[in-house]
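> just coords:
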């Protein structure tokens with residue numbers, strides 16, 4: 001009897017061990033591992049790093065506004081060039097071309113490969129706003145001759161020496177900045193090609209014909225140097241003013257642009273250009289390296305030659321642990337970890353296998369807080385999220401070394417992460433090795449989240465758990481993606497000199513009503529709330545000489561229950577004596 005019972009138990013243990021339960025929503029510690037919510041969250045980081053004269057309209061964060069307006073009047077070779085827009089590179093405010101091009105390309109590939117993940121998580125519009133902003137910037141940076149050919153391409157605005165000495169919000173920095181641009185002696189094929197790849201994807205994904213036209217022009221410009229002496233001298237790689245993003249190769253970027261343009265157009269010329277790079281191993285084309293801003297060879301080989309094994313070769317080269325945290329390099333380790341997850345899951349999709357599914361899931365769970373240190377390395381994602389990213393716009397201090405509670409939550413930002421596989425990490429904005437955030441870091445996070453969502457969406461309810469109003473309320477949004485109710489924006493709060501203020505907000509369609517709160521404290525712990533109609537409300541009997549904080553949210557009825565938007569931005573007004 002006992003032997004039979006033991007046999008049954010052993011058989012059950014074997015069966016259970018073969019079942020992949022890693023897609024379940026919550027572990028024993030109660031952590032949420034919803035990859036749908038992770039995908040939504042990760043995209044918000046880009047709202048924090050938007051630059052230019054349209055930030056106040058495009059960024060979802062109410063604490064971000066137009067900045068670096070001096071970028072729209074740069075003089076180059078006698079030409080006044082508008083290079084406003086784009087994205088700040090990291091916690092600083094320079095606009096570095098190669099990681100921008102790489103990031104836009106990675107986001108475009110993630111959408112192209114996992115379109116349903118974005119649609120099902122209500123993230124398509126958010127993704128497109130981000131890639132639109134990237135591509136419009138690349139188009140501005142492409143300065144044309146009278147015949148429509150490319151004269152030069154601006155690939156970087158500001159540099160480390162100019163930018164890093166300022167620890168202040170970007171909205172306070174509007175001087176004309178130094179720029180780096182291409183020339184016959186510095187064709188910067190890596191930078192030009194990566195922008196061309198991103199623009200080609202914008203056409204593939206969203207049928208943007210202007211983006212395709214600029215992609216072709218940039219590729220033609222890069223191609224024009226291929227037989228020149230400058231190519232033989234190895235000057236394809238761009239100079240970035242010293243120590244930032246000096247790429248070691250250009251062949252990978254050129255080959256990826258060629259492969260994506262071939263996919264977009266069917267023009268055999270692009271296939272020939274890809275083949276010439278692959279067959280000659282020009283320009284540092286190396287699928288055995290890693291996937292990062294400085295090497296996209298594996299993706300180029302996959303899209304140009306259909307070589308899915310290139311994805312596996314590169315992923316295996318990067319994968320340093322099967323069970324513990326996989327740490328390729330101590331600087332920005334979470335970025336490389338996510339990139340490896342994406343490569344592996346893309347290989348699984350291409351091959352029909354499940355080679356990397358469980359591994360990628362374990363690694364992402366570690367990043368989201370399932371580790372001995374109890375750290376989640378995605379800001380604002382859960383109760384274990386780290387709190388002090390190296391990010392000037394979110395910071396409340398006057399310098400990197402002065403750590404204080406941040407002024408704003410950098411929702412969705414992926415910090416650099418542990419320095420090693422044992423999880424050594426410091427949550428401090430002064431430790432930029434562990435707590436830097438960057439465009440390319442989040443590109444891998446978005447791509448891995450979309451791939452994991454797709455891999456696990458039929459394995460349980462976890463993948464369908466999306467962001468709630470509670471998640472978004474703490475993020476100070478002027479509008480949101482995914483809740484279905486647009487957040488009203490406060491237009492004005494005016495003191496009418498009679499112990500009262502008049503509040504106006506943007507018209508909000510398809511809602512049942514609004515709730516307005518006002519408080520003497522910015523944290524709204526002590527507040528008064530009133531229901532309002534229309535787009536205007538007068539608040540009376542306020543205290544003279546006091547400063548009030550005001551915010552508003554909309555709601556609608558769904559199945560007889562109120563469904564709320566996130567709160568609007570906060571405005572303050574002083575009641576005159």
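Structure received. This one's a predicted model, so the numbers in the text were calculated from it and none came from an experiment. Numbering: from 1, shown residues only.

> residue 64 contacts residue 51, correct?
No: checked against Cβ atoms under 8 Å, the pair residue 64 and residue 51 is beyond contact range at 9.6 Å. Heads up, the C-betas are built off the backbone N, CA and C, glycines and all.

> hey, where'd the strands end up in the stretch 451-577 of the chain?
Under the criterion DSSP state E, counting those that start in this stretch, the stretch 451-577 of the chain contains strands at 490-495, 501-505, 513-519, 527-532, 536-539, 547-558, 561-564, 571-574.

> just put the ones you listed in CSV and tack on mean neighbour count and distance to residue 433.
Shown next, in CSV, are those (neighbours: other Cβ atoms under 10 Å; distance: least, Cβ to Cβ, whole Å):
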stretch, mean neighbour count, distance to residue 433
strand 490-495, 15, 39
strand 501-505, 19, 43
strand 513-519, 18, 39
strand 527-532, 13, 41
strand 536-539, 16, 48
strand 547-558, 19, 37
strand 561-564, 14, 40
strand 571-574, 16, 37
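
> any idea which of the ones you listed scores lowest on pLDDT?
Lowest mean pLDDT within these: strand 561-564, at a mean of 72.

> that one: how far from the chain's middle?
30 Å (Cα atoms, centre = their mean, to the nearest Å).

> paired strands for it, with orientation please.
strand 547-558 (antiparallel) (DSSP bridges).

> which one of the strands of the stretch 451-577 of the chain lies nearest to residue 328?
Closest to residue 328 of the strands of the stretch 451-577 of the chain is strand 561-564 (Cβ to Cβ; 42.4 Å).

> other SSEs contacting the strand or helix carrying residue 205?
Remark: residue 205 resides in helix 189-206, with elements defined by DSSP states H and E. The contact analysis (3 or more Cβ pairs under 8 Å, 6 or more residues apart in numbering; DSSP states H and E) places helix 189-206 against helix 97-113, helix 124-141, strand 150-157, helix 209-223, helix 251-265.

> now with 10 Å?
Using 3 or more Cβ pairs under 10 Å, 6 or more residues apart in numbering; DSSP states H and E, the elements in contact with helix 189-206 are helix 97-113, helix 124-141, strand 142-144, strand 150-157, helix 209-223, helix 251-265, helix 297-305.

> got a markdown table for the ones you listed, with mean neighbour count and distance to residue 504 too?
Output for the helices and strands packed on helix 189-206, formatted as a markdown table (neighbours: other Cβ under 10 Å; distance: least, Cβ to Cβ, whole Å):
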| stretch | mean neighbour count | distance to residue 504 |
| --- | --- | --- |
| helix 97-113 | 26 | 36 |
| helix 124-141 | 21 | 26 |
| strand 142-144 | 18 | 41 |
| strand 150-157 | 25 | 36 |
| helix 209-223 | 21 | 36 |
| helix 251-265 | 27 | 46 |
| helix 297-305 | 25 | 49 |
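
> adding mean pLDDT and distance to residue 186, write these out as CSV.
As requested, the helices and strands packed on helix 189-206 are arranged in CSV below (pLDDT from 0 to 100; distance: least, Cβ to Cβ, whole Å):
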stretch, mean pLDDT, distance to residue 186
helix 97-113, 97, 12
helix 124-141, 97, 15
strand 142-144, 97, 15
strand 150-157, 95, 9
helix 209-223, 97, 13
helix 251-265, 97, 15
helix 297-305, 97, 23
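
> how much space is there between residue 122 and residue 138?
Per Cβ to Cβ, to the nearest Å, residue 122 is found 27 Å from residue 138.

> and the host helix or strand of residue 75, which strands flank it?
Per DSSP H and E: residue 75 is located in strand 74-76. When pairing is defined by DSSP bridges, strand 74-76 lines up against strand 79-81 (antiparallel).

> distance between the strand it pairs with and the chain's centre?
Distance, stretch centre to chain centre, for strand 79-81: 30 Å (Cα atoms, centre = their mean).

> for stretch 149-163, same thing?
Here stretch 149-163 is found 21 Å from its chain centre; the criterion is Cα atoms, centre = their mean.

> what's the local residue count around the closest residue to residue 453 other than its chain neighbours?
Once flanking residues are discounted, residue 453 sits nearest to residue 35: 4.0 Å by Cβ to Cβ, 6 or more residues apart in numbering. When neighbours are defined as other Cβ atoms under 10 Å, residue 35 has 27 of them.

> these two touch, right, residue 35 and residue 448?
Yes: Residue 35 is within contact range of residue 448, at 8.7 Å (criterion: Cβ atoms under 10 Å).

> so what sits against both of the two?
Residues touching both residue 35 and residue 448 by Cβ atoms under 10 Å, 6 or more residues apart in numbering: residue 364.

> so for the strand holding residue 75, what gets flagged as buried?
Residues residue 74 are the ones in strand 74-76 that count as buried (16 or more other Cβ atoms under 10 Å).

> who touches that strand?
80-84, 143, 151-152, 154, 157, 176-179, 181.

> looking at the residues you listed, which is nearest residue 213?
Out of the contacts of strand 74-76, the member with the shortest distance to residue 213 (by Cβ to Cβ) is residue 143, at 14.8 Å.

> bridge partners for that closest one, pull those for me.
When assigned by DSSP bridges, residue 143 has beta-bridge partners residue 152.

> wait, isn't residue 38 in contact with residue 377?
No: assessed by Cβ under 10 Å, residue 38 is found out of contact with residue 377, at 11.7 Å.

> what touches both of these two?
Joint contacts of residue 38 and residue 377 (Cβ under 10 Å, 6+ apart) are 367-368, 445.

> show the buried residues in those residues.
367-368, 445.

> follow-up on the earlier one: which among the contacts of strand 74-76 gets closest to residue 417?
residue 157 (27.8 Å).

> could you measure that closest one against residue 209, distance?
27 Å.

> repeat that for residue 424.
Plainly put, residue 424 is 50 Å away from residue 209 if you go by Cβ to Cβ.

> tell me the contacts of residue 94?
51, 68, 88, 156-164, 177-178, 240-241, 244-245.

> let's see 6 Å
Neighbour list for residue 94: 158, 163 [criterion: Cβ atoms under 6 Å, 6 or more residues apart in numbering].

> distance of it relative to residue 370?
The spacing between residue 94 and residue 370, counted by Cβ to Cβ, is 35 Å.

> now residue 323
13 Å.

> out of these two, which sits in the more crowded spot?
It is residue 370, of residue 323 and residue 370, that has more neighbours when counted by other Cβ under 10 Å, with 18 against 8.

> next one, pLDDT for that one please.
In this prediction residue 370 is given a pLDDT of 96.
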